[in-house]
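A.B. asks: Here is the input, now give the coordinates:
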Amino acid sequence: MDKLRCVAIDDQPLDLEIIKFISNKVASIEMVAYYTDPLEAISHVIDDNIGLVFLDFNMGKISALDIIKLLPPAVMVIIVSAERLHELEALKMDVVDIVIKPYNLEGFVRAVSKALYRIS
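C.D. replies: Numbering: from 1, shown residues only. Sure, this is the predicted structure:
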């Protein structure tokens with residue numbers, strides 16, 4: 001099976017570094033890029049056959065819910081967030097899973113497994 005092509009979008013560079021560190025330990029995914037600018041990321045996702053997006057919920061000017069609406073329907077989303085406030089809203093948008101900060105390998109593996117199950 002080919003690796004699932006992914007990007008991460010978070011306005012906090014340190015959080016992206018943590019996502020990079022953890023995601024490198026998950027053999028079933030290929031992290032293609034990391035973005036602090038969600039609008040730049042959207043065009044990449046659309047143009048580069050990305051299957052899964054790790055998406056921070058709160059990014060100042062634009063929320064994850066707004067970004068999800070701009071993504072192609074086939075792209076799966078895992079929300080990464082510091083708070084549980086918007087879990088219900090995110091689940092209504094059919095996200096694969098929600099990983100709450102601080103991140104850990106177990107949470108990432110669980111979320112990625114759910115994504116892989118959806119495409120199997």
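A.B. asks: what are the C-alpha coordinates of the helix or strand of the chain at the bottom of the mean pLDDT ranking, in CSV please?
C.D. replies: Among the helices and strands of the chain, helix 87-92 carries the lowest confidence by mean pLDDT, DSSP states H and E, at a mean of 72. Only the C-alpha atoms of helix 87-92 are listed here, as CSV (Å, rounded to 0.1, in the frame of the first residue of the first chain):
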residue,chain,number,x,y,z
GLU,A,87,-15.1,19.1,19.0
LEU,A,88,-18.8,18.8,18.2
GLU,A,89,-18.6,21.3,15.4
ALA,A,90,-15.6,19.5,13.9
LEU,A,91,-17.2,16.1,14.1
LYS,A,92,-20.3,17.5,12.3
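A.B. asks: who does that helix touch, helix- and strand-wise?
C.D. replies: helix 64-70, strand 97-100 (3 or more CB pairs under 8 Å, 6 or more residues apart in numbering; DSSP states H and E). In short, each C-beta sits where N, CA and C put it, glycine included.
A.B. asks: which of the ones you listed is buried the deepest?
C.D. replies: Compared across the helices and strands packed on helix 87-92, strand 97-100 shows the largest average neighbour count, a mean of 18 (mean count of other CB atoms under 10 Å).
A.B. asks: residues in contact with the very next helix or strand once past that one?
C.D. replies: Using DSSP states H and E, the helix or strand that follows strand 97-100 towards the C-terminus is helix 105-119. For helix 105-119, the external contacting residues (CB atoms under 8 Å, 6 or more residues apart in numbering) are 4, 22-23, 25-26, 28-29, 51-52, 76, 78, 96-100.
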